[in-house]
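Chemist: Predicted model and sequence follow; I will ask about them next.
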Amino acid sequence: MSAEFTFSIKKTRFDEDYTPSDDTRLTTNFANLARGEHRRENLQKVLQMIDNRFNSLAHWDNPKADRYSVELEIISIEMNINASAKQDVFPLIEILNTTIVDKVKNERIPGLSGNSFSSYVRDYDFSVLLLKHNQGRSEFQVPEHYGDLHGNLFKAAIHSADYKALFGKAPVICLSVSSNRTYHRTENHHPVLGIEYEQREFSLTDQYFGKMGMKVRYFMPAFATAPLAFYFIGNLLSDYSDLELISTISTMESFQKIYRPEIYNANSPASDCYQPTLKHQDYSLTRIVYDREERSRLAVEQGLFTEERFIKPYQDILGQWSAQFPA
């Protein structure tokens, strides 16, 4: 069976009127916040959190801390599969794109693509494949070639003509640090990203993003309580402007305060030798309703959906296609 894979991109404005579409990955922060009776209030509050955080970091020539606002778009990347006269479309990846609005200059400034990262194949890898592989094993093991297919799908998508036509720079993805790793404060301090932390052993997520061609560095911005993990291609410190980096920090730190308040809304900052934990009790809650249990449950459901709709029907041709990429 032969196949041709192409990619198409859809944009959806993320604002107080946002409603998740039927084919969106429902475990995302933005989809979770946009459901239920508090959906509109949730969205208004998180957007205000993002703007407030942006202005606290972009403080120069900004005496009232109200100069900037951030607009968000959900970028949905679909994979178009043309295999032996059969055509199919699979919702592959969702990321966020930021636009910075300078209300003093009345300008709209491109921000960064990436930020959040949602992937159906990642749901399959972490919530289905990994669990099946370790059933009955006394020690945890990672399957051979784990993450190879997902990494190659990601690299093909962001190097596609459609993606490059919309975004001038490679994506930066900003996630929580791992709760089973220890991070050590360094002497390095960036004017926007803040204090750099290091860890001596990559987590499974770090290794997984490595298959996507992304390196990782950990920084704790000013006034933050914990470092964030920044995954990038190229040079994080020189490839992006201060405002671009601030758009990512303000967006993703706000989501993490809602999703993981034990770490990112703690009442004291990370120590020099820091191990994050979701069992930490000294933290504050935001006034935003978030269903963390639903997020975990849906990851399994969407992983099984991916197995049935994508992995099983196209396993052979996906394997042949992925094998063409250099290791």
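Modeler: Yes, it's here.

Chemist: Pull the distance from stretch 270-286 to the chain's centre.
Modeler: 21 Å (CA atoms, centre = their mean, to the nearest Å).

Chemist: I'd like to check what contacts it. Which residues are they?
Modeler: Residues from elsewhere that reach stretch 270-286, judged by CB atoms under 8 Å, 6 or more residues apart in numbering: 45, 49, 176-179, 181-185, 197, 220, 225-227, 257-258, 260-263, 265-268. Backbone N, C-alpha and C define where each C-beta goes, glycine included.

Chemist: Can you flag the buried ones in those?
Modeler: 45, 49, 176-178, 181, 183, 185, 197, 220, 225-227, 257-258, 260-263, 265-266 (16 or more other CB atoms under 10 Å).

Chemist: From the contacts of stretch 270-286, which land in strands?
Modeler: The strands, defined by DSSP state E, take in Ser176, Tyr183, His184, Arg185, Tyr197, Met220 from those.

Chemist: Next, the nearest residue to Ala65 once chain neighbours are set aside: secondary structure please.
Modeler: Nearest residue to Ala65, sequence neighbours excluded (CB to CB, 6 or more residues apart in numbering): Asn55, at 4.2 Å. Following DSSP: H, G, I helix; E, B strand; the rest coil, the label given to Asn55 is helix.

Chemist: just checking, Ala58 touches Asp242?
Modeler: Yes: the pair formed by Ala58 and Asp242 meets the contact definition of CB atoms under 8 Å, at 7.4 Å.

Chemist: Those two - which one has more neighbours?
Modeler: Between Ala58 and Asp242, counting by other CB atoms under 10 Å, Ala58 is the more crowded of the two (20 against 14).

Chemist: wait, what's in contact with the more buried one?
Modeler: Applying CB under 8 Å, 6+ apart, the residues near Ala58 are Arg67, Tyr68, Asp242, Leu243, Ile246.

Chemist: mind running it again at 10 Å?
Modeler: Listed by CB atoms under 10 Å, 6 or more residues apart in numbering, the contact partners of Ala58 are Ala65, Arg67, Tyr68, Ile100, Asp102, Val192, Asp242, Leu243, Ile246, Ser247, Ser250.

Chemist: what's the span of stretch 232-248, first residue to last?
Modeler: 12 Å (CA to CA, to the nearest Å).

Chemist: one step back: quick one: which of the contacts of Ala58 is most hemmed in?
Modeler: Using other CB under 10 Å as the neighbour criterion, Ser247 leads the contacts of Ala58 with 31 neighbours.

Chemist: For that one, grab phi and psi.
Modeler: Note on Ser247: its backbone torsions stand at phi -60, psi -40 [degrees, to the nearest 10].

Chemist: Can you report how many residues lie near Gly136?
Modeler: Neighbour tally, Gly136, other CB under 10 Å: 5.

Chemist: If anything else comes up later, I'll come back, but that's it for now.
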